[in-house]
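J.: let's see this in three dimensions:
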Amino acid sequence: MALSHLASSSSRSANLLKPLASAISLRRPISTDTTPITVETSVPFTSHQCEAPSRSVETNPKELLTFFRDMAMMRRMEIAADSLYKAKLIRGFCHLYDGQEAVAVGMEAAITKKDCIITAYRDHCTFVGRGGTLLEVFSELMGRQAGCSRGKGGSMHFYKKDSNFYGGHGIVGAQVPLGCGLAFAQKYSKDENVTFALYGDGAANQGQLFEALNISALWDLPAILVCENNHYGMGTAEWRAAKSPAYYKRGDYVPGLKVDGMDAFAVKQACKFAKEHALKNGPIILEMDTYRYHGHSMSDPGSTYRTRDEISGVRQERDPIERIRKLILSHDLATEKELKDIEKELRKEVDDAIAQAKESPMPEPSDLFTNVYVKGYGAESFGADRKEVRGTLP
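T.: Residues are numbered from 1 along each chain as shown. Here you go, the predicted model:
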């Protein structure tokens with residue numbers, strides 16, 4: 001088996017790379033081999049007011065196999081969410097990320113959990129990338145107490161404060177000024193970290209985005225604005241909504257970079273470059289050229305404003321998981337069967353998490369009155385006449 005040789009001495013030559021047998025099963029750790037491998041991004045970066053980074057990206061067997069596992073898990077998780085929604089176990093809005101996984105995985109590979117991320121409502125995979133669990137994901141989606149927001153946020157409002165993930169926001173574009181505020185706090189604290197504020201092409205024309213970018217540039221804040229351009233804002237194609245869909249140039253006086261958002265290594269290289277730039281020079285815009293396979297949300301079939309041939313064409317030519325699969329196979333790090341075994345294990349992992357989430361109770365009705373006011377301030381609830389105190393909120 002291709003996975004039986006990777007545990008040999010670290011002094012062996014690079015051309016003898018083979019992955020660990022342990023990578024075959026998710027119950028055992030994925031390869032820890034860090035022997036360097038150099039890969040090239042799928043297409044060159046396109047830059048605006050800055051020098052583009054190199055197309056050559058250094059990786060290793062451990063990272064390649066981890067990328068495959070993480071993206072395959074995200075894909076399976078989102079497909080399972082589709083089924084739960086259709087079974088009416090998930091209610092309300094639900095926006096799925098399948099197709100865009102390389103953005104979440106590549107970004108995490110370039111930064112640390114001390115860096116902040118804030119995004120819009122397509123947030124499930126970003127939350128998992130920040131260290132969230134499948135149980136927390138499915139519990140929150142089904143409105144259960146074990147969810148990351150205790151069942152009170154739902155699909156659009158995932159948070160993980162201990163990893164500096166600040167949501168999950170339902171108002172189009174509103175997370176960008178908040179992200180620039182996080183960057184202001186980082187500069188004020190002099191902690192040498194950055195904030196990635198993610199938004200879609202549909203939010204790219206929002207006035208608040210340009211206002212936030214302007215003040216970030218004035219103050220040289222370590223803010224990185226990431227436009228996840230999946231080419232459709234709801235059901236409107238980018239060319240119908242934007243006179244200039246070159247979103248990486250939209251900052252004018254702010255540098256920008258266009259990135260293949262379907263290539264995890266291009267995303268990793270761009271985010272590493274952007275972090276170094278932001279810490280020295282202030283804000284930068286990254287445009288991730290990506291694609292969503294599902295519709296805008298679960299209420300959108302996704303096939304009325306684009307053809308099925310277009311969707312299948314992207315799957316065949318640009319799918320982020322298949323790109324990593326080909327790299328693993330070309331470097332003889334695993335066989336096709338071993339990768340399929342990993343996917344089979346992930347399916348079970350997702351199914352187990354769903355079963356656990358279904359066992360979690362719904363929030364208590366009294367939880368409606370929590371997380372409204374700051375604790376300890378004794379906020380009081382009055383009757384309509386403003387005279388009789390009806391209760392003190394926790």
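
J.: max-length helix in the protein?
T.: helix 61-86 (DSSP state H).

J.: buried residues, it. List them.
T.: 61-78, 80-81, 84-85 (16 or more other C-beta atoms under 10 Å). Any C-beta I mention is one placed from the backbone N, CA and C, and that applies to glycine too.

J.: over to stretch 133-150?
T.: For stretch 133-150, by 16+ other C-beta under 10 Å, it's 134-144, 146-150.

J.: in helices, which of the residues you listed fall?
T.: Per DSSP H, the buried residues of stretch 133-150 map to helices at 134-141.

J.: show the contacting residues for the closest residue in space to Ile117 that isn't next to it in sequence.
T.: Spatial nearest neighbour of Ile117, excluding adjacent residues (C-beta to C-beta, 6 or more residues apart in numbering): Phe196 at 4.9 Å. By C-beta atoms under 8 Å, 6 or more residues apart in numbering, the contact set of Phe196 is 107, 111, 115-118, 179, 224, 226, 271.

J.: returning to what we had before: out of the buried residues of stretch 133-150, which is nearest to Ile321?
T.: In terms of C-beta to C-beta, no member of the buried residues of stretch 133-150 lies closer to Ile321 than Leu134, at 17.5 Å.

J.: for that closest one, give me the pLDDT.
T.: Looking at Leu134, its pLDDT is 98.

J.: nearest spatial neighbour of it, chain-adjacent residues omitted?
T.: Nearest to Leu134 is Ala353, by C-beta to C-beta, 6+ apart, at 3.5 Å.

J.: distance of Ser312 from Gly170?
T.: Ser312 is 31 Å from Gly170, where distance means C-beta to C-beta, to the nearest Å.

J.: of those two, who's got more company?
T.: Legend: neighbour count by other C-beta atoms under 10 Å for Ser312 and Gly170, higher for Gly170 (17 against 11).

J.: just checking, that one touches Phe93?
T.: Yes. Gly170 is within contact range of Phe93, at 7.3 Å (criterion: C-beta atoms under 8 Å).

J.: hang on, the earlier thing: show residues contacting the helix or strand that the longest helix of the chain is followed by.
T.: Counting by DSSP states H and E, the next helix or strand C-terminal to helix 61-86 is helix 101-110. Contacts to helix 101-110, defined as C-beta under 8 Å, 6+ apart, come from residues 63, 67, 70-71, 74-75, 97, 117, 125-126, 128-130, 196, 198, 226, 228, 261-272, 275, 288, 290, 320-321, 323.

J.: swap in stretch 146-155?
T.: 81, 90-95, 121, 123-124, 127, 132, 135-137, 139-145, 157-160, 168, 356-357, 360, 362-363, 367, 371.

J.: pLDDT weak spots in this structure?
T.: 1-31, 374-394 (pLDDT under 70).

J.: can you give me the strands in it?
T.: 37-40, 46-48, 56-59, 116-118, 195-200, 223-229, 232-233, 236-237, 256-260, 284-289, 380-382, 389-392 (DSSP state E).

J.: figure out how far the longest one is from the centre of its chain.
T.: Between the centre of strand 223-229 and the centre of its chain there are 12 Å (C-alpha atoms, centre = their mean, to the nearest Å).

J.: tell me the angle that strand makes with strand 195-200.
T.: Orientation of strand 223-229 against strand 195-200 (axes from the mean of the first three to the mean of the last three C-alpha atoms, to 10 degrees) gives an angle of 20 degrees.
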